[in-house]
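Engineer: just coords:
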């Protein structure tokens, strides 16, 4: 005699209506405000975050509390539905970022880029850890070990955002300049190391700071890298078969499947899901089988629909009214100062050690200071893991916005003192660099 499973209760009519309304409103506002931000010369992510701010506790909950509680009831189940959509978006976004990285550029400028990247990561990382250890206890979630919080703050202060950097360099016509080349390649190394550090700190937040658990996390990183190397021939053959197929969507389906399964694998190992997506993107990239046009439909859907929804969700969780508290506002000012000064100082020091001149070193610091999308993802991870309080989450997202807005004017100012060399003119004429606009495509024209 077999016992039949109890059927799952279907999604209720009102619940479905409310979910569709929430997604539709968030996407509509994210699209409109994102386009407005672009017209004003700002990254689209600023407008998309503002969509969440308007519908969340920062605005709507104060202006029309009854409408807010009806539209976005404080129910974990309802928010988890929206989170699920956002998580799919950010995982695919990160996968596409890894897939679009110019690995040849990193290899070509390896030594100098590595020195800039190391200094540009270590200095803000160290300052971020120190800042995290000094943050008032009231802003640290209960149950979170101070050492884990400090390390997480260090990672948040150390990251850069390739999409924002690439877009800014392209718009300012600096992509073929020595400064543009070095900034992009150093930021790529930063990103790779940053995802690894995020995974380790996330595992520590889940299991606690114990030597055995940290060793397990590091062993997991080795397993992921070894698995990527061993699976590369299989992935390459699968991609070739998909490319040769008459079915135009085969490659898109295969890449999506690889990215999601890789994310699931690293999440199961208590390494962040986005790390698996990033490694998978790098793996597919290294196979050299797919061209950008083949994945253009996937990129369009991710960047025009799923990613804006994720950023709107990120804004939905921000509460700017918390900045009215003097302690929160002062902490935010200190964190922002540390983030800017640390990245500038680190990148400048690394460039000077590589014998780059003063103004070019300042320009590299200005470019690498942009946090953008990467900082928002780090903040969302911290909030989800319970490492960040709502106040600290709001502060870190504001750091992402401010530093991204600072990059273009600072680059213009510093590059005004850098002479255009014959080699740079020749490089631009010959278009010798493999199209480095790919990272900007991956994160859309404004992320």
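Structural biologist: Received it, and whenever you're ready, just let me know what you need. These numbers come from a predicted model, not from an experiment.
Engineer: chain center to the helix or strand that contains residue 342, what's the gap?
Structural biologist: Assigned by DSSP states H and E, residue 342 belongs to helix 326-353. Put simply, helix 326-353 sits 19 Å off its chain's centre (CA atoms, centre = their mean, to the nearest Å).
Engineer: enumerate the positions of that helix that are buried.
Structural biologist: For helix 326-353, a neighbour-count test (16 or more other CB atoms under 10 Å) marks 328, 331-332, 335-336, 338-352 as buried. All C-beta atoms are positioned from the backbone trio N, CA, C, and that covers glycine.
Engineer: ok, now stretch 366-386?
Structural biologist: Buried-residue list, stretch 366-386, by 16+ other CB under 10 Å: 366-385.
Engineer: same deal with stretch 259-275?
Structural biologist: Result for stretch 259-275 [16+ other CB under 10 Å]: buried residues 259-260, 262-263, 265-267, 269-275.
Engineer: low-confidence stretches in the stretch 1-150 of the chain?
Structural biologist: Where the stretch 1-150 of the chain drops to pLDDT under 70, the residues are 1-6, 11, 101-102, 105-106, 108-110.
Engineer: now do the helices in it.
Structural biologist: Using DSSP state H, counting those that start in this stretch, the helices of the stretch 1-150 of the chain run over 13-39, 44-55, 60-63, 65-71, 76-99, 103-108, 110-134, 146-158.
Engineer: for the helix ranked longest in the chain, buried residues please.
Structural biologist: The longest helix of the chain (DSSP state H) is helix 211-244. Neighbour counts over helix 211-244 (16+ other CB under 10 Å) mark 214, 217, 220-221, 224, 227-228, 235-236, 238-239, 242 as buried.
Engineer: that one: how far from the chain's middle?
Structural biologist: Computed by CA atoms, centre = their mean, the separation of helix 211-244 from the middle of its chain amounts to 21 Å.
Engineer: show me what it is packed up against.
Structural biologist: Judged by 3 or more CB pairs under 8 Å, 6 or more residues apart in numbering; DSSP states H and E, the packing partners of helix 211-244 are helix 178-207, helix 250-268, helix 273-287.
Engineer: quick one: those as a markdown table, columns for distance to residue 91 too.
Structural biologist: Formatted as a markdown table, the helices and strands packed on helix 211-244 follow (distance: least, CB to CB, whole Å):
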| stretch | distance to residue 91 |
| --- | --- |
| helix 178-207 | 12 |
| helix 250-268 | 5 |
| helix 273-287 | 5 |
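Engineer: hey, least reliable of the ones you listed by pLDDT?
Structural biologist: Mean pLDDT values for those show the minimum at helix 178-207, a mean of 78.
Engineer: taking helix 326-353 as reference, get the angle to it.
Structural biologist: Angle of helix 178-207 versus helix 326-353, following axes from the mean of the first three to the mean of the last three CA atoms, to 10 degrees, is 130 degrees.
Engineer: can you pull the contacts of residue 55?
Structural biologist: By CB atoms under 8 Å, 6 or more residues apart in numbering, the residues touching residue 55 are 25-26, 29, 68, 71-72, 312, 316.
Engineer: can you select the buried ones among those residues for me in PyMOL?
Structural biologist: Buried residues within the contacts of residue 55, by 16+ other CB under 10 Å, are selected in PyMOL with:
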select buried, resi 25+26+29+68+72+312+316
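Engineer: what's the first helix or strand after the helix holding residue 342?
Structural biologist: Past helix 326-353, the next helix or strand by DSSP H and E is helix 358-368.
Engineer: residues of that next one that come out buried?
Structural biologist: 359-368.
Engineer: export those to JSON lines and tack on distance to residue 21?
Structural biologist: Shown next, in JSON lines, are those (distance: CB to CB, whole Å):
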{"residue": "359", "distance to residue 21": "52"}
{"residue": "360", "distance to residue 21": "51"}
{"residue": "361", "distance to residue 21": "51"}
{"residue": "362", "distance to residue 21": "48"}
{"residue": "363", "distance to residue 21": "46"}
{"residue": "364", "distance to residue 21": "46"}
{"residue": "365", "distance to residue 21": "45"}
{"residue": "366", "distance to residue 21": "42"}
{"residue": "367", "distance to residue 21": "41"}
{"residue": "368", "distance to residue 21": "41"}
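Engineer: any chance of TSV for these, columns pLDDT?
Structural biologist: Below are those laid out as TSV (pLDDT from 0 to 100):
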residue	pLDDT
359	91
360	89
361	91
362	92
363	91
364	90
365	90
366	90
367	88
368	87
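Engineer: between those residues, which sits nearest residue 284?
Structural biologist: Nearest to residue 284 among the buried residues of helix 358-368, counting by CB to CB, is residue 368 at 26.0 Å.
Engineer: tell me the contacts of residue 133?
Structural biologist: Residue 133 touches 146-147, 150, counting by CB under 8 Å, 6+ apart.
Engineer: go again using 10 Å as the cut-off
Structural biologist: 140, 146-147, 149-151, 153-154 (CB atoms under 10 Å, 6 or more residues apart in numbering).
Engineer: a markdown table for the helices of the stretch 1-150 of the chain, including distance to residue 252?
Structural biologist: Below are the helices of the stretch 1-150 of the chain laid out as a markdown table (distance: least, CB to CB, whole Å):
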| stretch | distance to residue 252 |
| --- | --- |
| helix 13-39 | 21 |
| helix 44-55 | 23 |
| helix 60-63 | 36 |
| helix 65-71 | 34 |
| helix 76-99 | 11 |
| helix 103-108 | 22 |
| helix 110-134 | 32 |
| helix 146-158 | 32 |
